[in-house]
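> Have a look; sequence and predicted model below, questions after that.
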Amino acid sequence: MKPKIYVDGQEGTTGLRIHEHLAGRTDVEVLRIDGEKRKELAERKRLLNAADVVFLCLPDEASREAVGLIDNGRTKVIDASTAFRTDPAWAYGLPELSAAAREKIRGSRRIAVPGCHASAFLLPVGPLVAAGMIAREAVLTCFSLTGYSGAGKKMIAAYEAADAPAKLQPPRHYALKMRHKHLPEMRVLAGLAHAPLFTPVICNTHSGLAVETYLPPAVLARKTTAAEIREVLARHYAGERFVRVMPFDAEGVQGLDEGFLDITACNGTNRADVFVFGHEEQIAVITRLDNLGKGASGAAVQCMNLALGFEEGAGLAS
């Protein structure tokens, strides 16, 4: 019998993209709620409990409510909100971080999908902290360039309107109160004592994302080089289908377009590209990914594949 899958919040950007990933699958059965019953609690509860796997693509409080509606010990929940990402009872849905992370996803009935910025920060920083190369007491500095699709339907409509205001054309910093919602998971899952200083920048492109983290000597636990950091990351991700550590180039042109990094190069895939740049005094790591792919719906489907015992990359492009 095919596993039954239900997406609660199927009209949002992440929910819609999950449905796209599942549309061509013949190994699962997708349950859908009638549009007229979308806000009926009883119907939602019925579907939540009828499914073998539930994707929650909802605001935090609505996700907590949905979890409370599940009254069986069978349904697996994959939540795309920030509600449970630092809850130790939940698996964190970034399997590439460690063998233990992957096994926890496989065996868990509760999985929290990482934030897009957090995934791009953690992929290089997590292994470097674990390897003792970044000091756990370090306060890291990073920023993100991201497409507008991660902000939801209202923001997408604003950017794509025929009469979009001129203020939407240039990049715009946001979350300037320094309390971005991804900061708790960035600190906890990296194993850091302090949250990083982080400012995202929204760009006039639909999707694509890159997070750059700076590694000056003060944050490193020991003296090292950019090439050595790249080798540590390459060993950690050797054999991973969805994480590609780019070759190190001292001139800083490897994998670039005439010296420029294209944040949209992973769009349409579940892949993340990790770059290391620098010299004797300054090092930076950059991860790019599709904020709606590895940063959201792709990661969610990857977690579903693991949780159900399917091939991990089923239905996902690399």
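Yep, it's here. Numbers count the residues shown, from 1 in each chain.
> Give me the buried stretch members for stretch 149-159, please.
Buried positions in stretch 149-159, judged by neighbour count with 16 or more other C-beta atoms under 10 Å: 149-151, 156, 159. (Each C-beta comes from the backbone N, C-alpha and C, glycine too.)
> mind putting those residues in JSON lines, distance to Arg85 and secondary structure included?
Converted to JSON lines, those look like this (distance: C-beta to C-beta, whole Å; DSSP: H, G, I helix; E, B strand; the rest coil):
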{"residue": "Ser149", "distance to Arg85": "20", "secondary structure": "helix"}
{"residue": "Gly150", "distance to Arg85": "16", "secondary structure": "helix"}
{"residue": "Ala151", "distance to Arg85": "19", "secondary structure": "helix"}
{"residue": "Ile156", "distance to Arg85": "24", "secondary structure": "helix"}
{"residue": "Tyr159", "distance to Arg85": "27", "secondary structure": "helix"}
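> any idea which of those residues is closest to Phe248?
Phe248 lies nearest to Gly150 out of those, by C-beta to C-beta, at 29.3 Å.
> how far away is the residue lying closest to Ile202 once chain neighbours are set aside from Thr146?
Distance criterion C-beta to C-beta, 6 or more residues apart in numbering; nearest residue to Ile202, sequence neighbours excluded, is Arg172 at 5.2 Å. Distance of Arg172 to Thr146, computed by C-beta to C-beta, to the nearest Å: 11 Å.
> Equivalent analysis for Glu61, please.
Applying C-beta to C-beta to Glu61 and Thr146 gives a distance of 24 Å.
> More neighbours: which of the two?
More crowded of Glu61 and Thr146, by other C-beta atoms under 10 Å: Thr146, with 25 against 10.
> any shared contact partners between Arg172 and Thr146?
201-202 (C-beta atoms under 8 Å, 6 or more residues apart in numbering).
> tell me the contacts of the closest residue to Cys116 other than its chain neighbours?
Leaving aside its chain neighbours, Cys116 sits nearest to Gly295 (2.8 Å; criterion: C-beta to C-beta, 6+ apart). Taking C-beta under 8 Å, 6+ apart, we find Gly295 in contact with 114-117, 119-120, 150, 209, 289.
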